[in-house]
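Engineer: predicted model and sequence below, questions to follow.
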Amino acid sequence: MGISLAHDSPLAHMFNACTTDQKAEFMPQKRGFRIHGHSTTIRLERAFWNALEGMARDHGVTLPEMIELIHDQCQIANEKNLASCLRVMCFKYVNIYYA
């Protein structure tokens, strides 16, 4: 006995996008950056890297510049976890500009 969704619902559509063909989007990737001269490694799922790359492209900056910009602005609210800031910013950006 499970929960059933209408086939044309937004949630059903999202679940249809979660196929084994899309598994790369769920795989975490580590990337290294320098933020104000300090080396750091950030681990995010590929879907978030794709969103960050799109944000950088939309604003005419490089990915490292976008990471540093988010670091400088978002760390005020969450000074300990840059990865969390990046995920939330990706979510907000997509929600505001692509909804």
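Structural biologist: Alright, I've got the coordinates.

Engineer: report the central residue of this protein.
Structural biologist: residue 48 (2.4 Å; C-alpha atoms, centre = their mean).

Engineer: show me the contacts for that residue.
Structural biologist: 86-87, 90 (C-beta atoms under 8 Å, 6 or more residues apart in numbering). (Glycine included, C-beta is placed from N, CA and C.)

Engineer: out of these, which comes closest to residue 57?
Structural biologist: residue 90 (13.5 Å; C-beta to C-beta).

Engineer: check which helix or strand covers that closest one.
Structural biologist: helix 82-97 (DSSP states H and E).

Engineer: which strands and helices sit next to that helix?
Structural biologist: Using 3 or more C-beta pairs under 8 Å, 6 or more residues apart in numbering; DSSP states H and E as the contact test, the elements touching helix 82-97 are strand 38-45, helix 46-58, helix 63-74.

Engineer: tell me the phi and psi of residue 28?
Structural biologist: Phi and psi for residue 28, reported as degrees, to the nearest 10, are phi -70, psi 150.
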